[in-house]
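Novice: Could you work out the structure for the sequence below:
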Amino acid sequence: MNQKPQRAGPGVLVIFGVGGDLAKRLLFPALYNLLQEGLLPEQFAIVGFGRTEVSEEQLRDQMRRNLREASGESSADAAAIEWIVSRLSFVRSDFTNPAGYDELATKLREIDQALATGGNYLFYLATAPEFFLDVVQHLGQVDLLNQANGQWRRVVVEKPFGHDLESARQLNRDLTKVAEEEQIYRIDHYLGKETVLNILVLRFANGIFEPIWNRRYIDHVQITVAETLGVETRGGYYDHTGALRDMIPNHLLQVLALTAMEPPSAFSATALRGEQVKVLAAVPPLGARDCGMCTVRAQYGAGNVEGSSVPGYREERRVAPDSRTETYVAMKLAVDNWRWVGVPFYLRTGKRLPIRRTEVVIEFRKAPLALFRGASSTLPQANRLVISIQPEESISLEFQAKVPGTEVTVTPVAMRFCSRDFFGYKNRTGYETLLFDAMIGDASLFKRGDMIENSWSIIDPVLKSWAQGAGDLHSYAAGTDGPEAAHELLRRDGHQWRALA
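Specialist: Prediction:
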């Protein structure tokens with residue numbers, strides 16, 4: 001990762017799907033935060049492209065209201081909001097209509113002349129995945145991906161990137177027929193979270209952690225993404241996707257790669273992504289016989305979440321009443337290399353769990369207990385390093401201490417660092433870093449094509465095994481911490497999940 005310059009260079013951000021939820025809730029608030037941090041250039045413009053039936057002025061009004069709400073009516077910077085809105089223009093078009101791309105090319109030339117943006121364009125695909133290839137191919141047909149004369153043209157592709165290994169490979173092949181690999185920025189917003197980036201700093205900027213970051217000292221690793229939400233309005237999409245496809249190859253395996261990677265030779269895109277690819281390539285795929293022992297899938301039933309009664313998954317809108325789609329996945333993986341052989345990596349993700357939490361738990365091997373067997377009424381527990389990614393961004397180290405008194409009683413205590421308390425910064429969307437990096441051409445936190453394919457290679461055998469009937473579909477009540485089978489997955493190894501409380 002490069003040291004950030006004072007601001008990005010001239011350019012135009014084109015958002016395909018500007019009327020969608022992603023643009024309104026995350027992209028525009030991220031731009032607002034970047035502007036307030038002084039990272040957007042004066043020679044900057046935004047073009048929205050989409051099918052939403054509004055005029056350009058109506059779109060500006062919508063974004064003005066959204067930004068006020070996102071930043072808080074009382075604390076909103078009116079001048080910053082107007083700066084962004086004044087630079088927003090709109091092309092109303094279907095994503096497959098060639099005429100819309102001709103209009104876009106004309107509008108971009110006009111912006112280049114008016115604002116001296118230099119012909120530099122960042123195309124953000126905030127669309128449904130079925131339009132990714134259509135958009136890129138049409139951009140190529142109107143010569144908007146040509147980087148001649150020192151201009152840069154980049155394409156940001158959202159997840160999901162394919163629905164299995166073969167579709168991901170095919171999409172990679174098709175995109176690179178139109179654009180160069182270095183022009184394609186495959187985004188995972190989890191990699192823009194401050195605490196995810198802090199994993200690298202924690203490991204490689206501190207002399208106390210990296211020497212013990214290996215199989216000699218670490219017993220196992222847990223990576224959790226827990227959500228309280230159900231499928232909301234996405235029932236139709238989710239019922240054809242499921243938790244495994246939706247979360248594991250994108251978020252959880254990328255966090256695993258950062259946690260387990262070797263020290264890169266430099267904080268550059270090539271070095272960072274190269275080490276992550278090596279980790280993913282070292283994860284042995286689970287065979288059909290392994291799936292029953294190393295994976296758990298489950299679906300939530302009716303229950304109570306945060307004090308409210310909620311329906312079961314099969315009662316959600318646009319979900320088949322006999323659906324066998326999983327809303328919870330737990331799995332045990334290995335990283336078969338010198339550093340990690342013998343250390344299990346446990347992954348879990350689910351909807352309608354009791355709390356919203358994303359975290360990495362590094363559990364160290366227990367200290368020898370012989371000293372305390374006769375001297376203490378309680379035996380020491382394993383030390384844990386807990387890296388919390390959301391909703392709170394914090395790091396805590398759990399270790400053992402003596403309880404004051406005449407008896408030798410040992411209890412776990414924690415040293416804790418919280419970004420909000422220490423630095424006092426406001427919440428970010430997670431897209432600020434990624435948008436800025438795409439503008440300056442730093443691909444360190446974006447996924448390369450081979451990273452995508454290696455991730456799918458890990459879960460593709462599981463998908464096929466489940467499709468052939470391997471492994472039971474368990475159930476769990478909404479508001480509980482998942483099925484009993486997920487706890488048994490760890491108990492067999494003498495471990496237990498960190499409690500979701």
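Novice: Do you have the strands of the stretch 51-200 of the chain handy? List them.
Specialist: Shown for the stretch 51-200 of the chain, the strands assigned by DSSP state E, counting those that start in this stretch span residues 88-92, 121-125, 153-157, 184-186.
Novice: Serialize these to JSON lines and add fields for distance to Val335 and mean neighbour count.
Specialist: Placement of C-beta: from N, CA and C, glycine included. As requested, those are arranged in JSON lines below (distance: least, Cβ to Cβ, whole Å; neighbours: other Cβ atoms under 10 Å):
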{"stretch": "strand 88-92", "distance to Val335": "45", "mean neighbour count": "21"}
{"stretch": "strand 121-125", "distance to Val335": "32", "mean neighbour count": "24"}
{"stretch": "strand 153-157", "distance to Val335": "27", "mean neighbour count": "23"}
{"stretch": "strand 184-186", "distance to Val335": "22", "mean neighbour count": "22"}
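Novice: Ok, which of the ones you listed comes nearest Leu252?
Specialist: Among these, strand 184-186 comes nearest to Leu252, with 16.0 Å by Cβ to Cβ.
Novice: what is the mean pLDDT for the closest one?
Specialist: Mean per-residue pLDDT for strand 184-186: 96.
Novice: circling back: now render the strands of the stretch 51-200 of the chain as a markdown table, adding distance to Leu272.
Specialist: A markdown table is the format used below for the strands of the stretch 51-200 of the chain (distance: least, Cβ to Cβ, whole Å):
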| stretch | distance to Leu272 |
| --- | --- |
| strand 88-92 | 33 |
| strand 121-125 | 21 |
| strand 153-157 | 18 |
| strand 184-186 | 14 |
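Novice: Point out where this structure drops to low pLDDT.
Specialist: The chain contains residues with pLDDT under 70 at 1-5, 73-74, 195, 369-379, 425-427.
Novice: And for the spatially most central residue of it, nearest residue in space, chain neighbours not counted?
Specialist: Nearest residue to the geometric centre of the chain (Cα atoms, centre = their mean): Tyr190, 2.7 Å. Spatially, and ignoring its direct neighbours in sequence, Tyr190 is nearest to His251 (4.7 Å; Cβ to Cβ, 6 or more residues apart in numbering).
Novice: For the spatially closest residue to Val319 that is not a sequence neighbour, give me its contacts.
Specialist: Closest residue to Val319 apart from its sequence neighbours, by Cβ to Cβ, 6+ apart: Gly235 at 4.4 Å. With contacts defined as Cβ atoms under 8 Å, 6 or more residues apart in numbering, the neighbours of Gly235 are Glu316, Arg317, Arg318, Val319.
Novice: Buried members of the residues you listed into PyMOL, please.
Specialist: A single PyMOL command selects the buried members of the contacts of Gly235 (16 or more other Cβ atoms under 10 Å):
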select buried, resi 316+319
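Novice: Could you dump the contacts of Gly235 into JSON lines with secondary structure added?
Specialist: Listed next are these as JSON lines, based on DSSP: H, G, I helix; E, B strand; the rest coil:
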{"residue": "Glu316", "secondary structure": "coil"}
{"residue": "Arg317", "secondary structure": "coil"}
{"residue": "Arg318", "secondary structure": "coil"}
{"residue": "Val319", "secondary structure": "coil"}
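Novice: Out of the contacts of Gly235, flag the one nearest to Ala128.
Specialist: Nearest to Ala128 out of the contacts of Gly235 is Arg318 (Cβ to Cβ; 15.0 Å).
Novice: do you know how far the closest one is from Arg234?
Specialist: 8 Å (Cβ to Cβ, to the nearest Å).
Novice: what's the answer for Val155, then?
Specialist: 25 Å.
Novice: What of Leu435?
Specialist: On the measure of Cβ to Cβ, Leu435 and Arg234 end up 24 Å apart.
Novice: Settle it for me: which of those two has more neighbours?
Specialist: Leu435 (25 against 16; other Cβ atoms under 10 Å).
Novice: Count the residues that sit near the closest residue to that one other than its chain neighbours.
Specialist: Among residues not flanking Leu435 along the chain, Ala30 sits closest, at 5.4 Å (Cβ to Cβ, 6+ apart). When neighbours are counted by other Cβ under 10 Å, Ala30 registers 22.
Novice: and what of Gly38?
Specialist: 8.
Novice: The closest residue to it other than its chain neighbours is in what secondary structure piece?
Specialist: Nearest residue to Gly38, sequence neighbours excluded (Cβ to Cβ, 6+ apart): Arg7, at 6.1 Å. Using DSSP states H and E, Arg7 sits within no helix or strand.
Novice: now do Asp493
Specialist: Under the criterion DSSP H and E, no helix or strand holds Asp493.
Novice: Relative to Gly350, how far out is it?
Specialist: Distance from Asp493 to Gly350, by Cβ to Cβ: 20 Å.
Novice: out of these two, which sits in the busier spot?
Specialist: Gly350 (27 against 12).
Novice: which ones are touching the residue nearest to that one when sequence neighbours are not counted?
Specialist: Setting aside the residues directly before and after it, Gly350 is nearest to Tyr328 in space (Cβ to Cβ, 6+ apart), at 3.4 Å. Contact analysis of Tyr328 by Cβ under 8 Å, 6+ apart lists 243, 296-300, 348-351, 353, 474, 476, 482-483, 486.
Novice: now, which of the residues you listed lie within strands?
Specialist: Using DSSP state E to define strands, the subset of the contacts of Tyr328 located there is Val296, Arg297, Ala298, Gln299, Tyr300, Arg348, Thr349, Gly350, His474, Tyr476.
Novice: These into JSON lines, with extra columns for distance to Thr96?
Specialist: Below are these laid out as JSON lines (distance: Cβ to Cβ, whole Å):
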{"residue": "Val296", "distance to Thr96": "41"}
{"residue": "Arg297", "distance to Thr96": "36"}
{"residue": "Ala298", "distance to Thr96": "38"}
{"residue": "Gln299", "distance to Thr96": "35"}
{"residue": "Tyr300", "distance to Thr96": "37"}
{"residue": "Arg348", "distance to Thr96": "39"}
{"residue": "Thr349", "distance to Thr96": "33"}
{"residue": "Gly350", "distance to Thr96": "36"}
{"residue": "His474", "distance to Thr96": "41"}
{"residue": "Tyr476", "distance to Thr96": "41"}
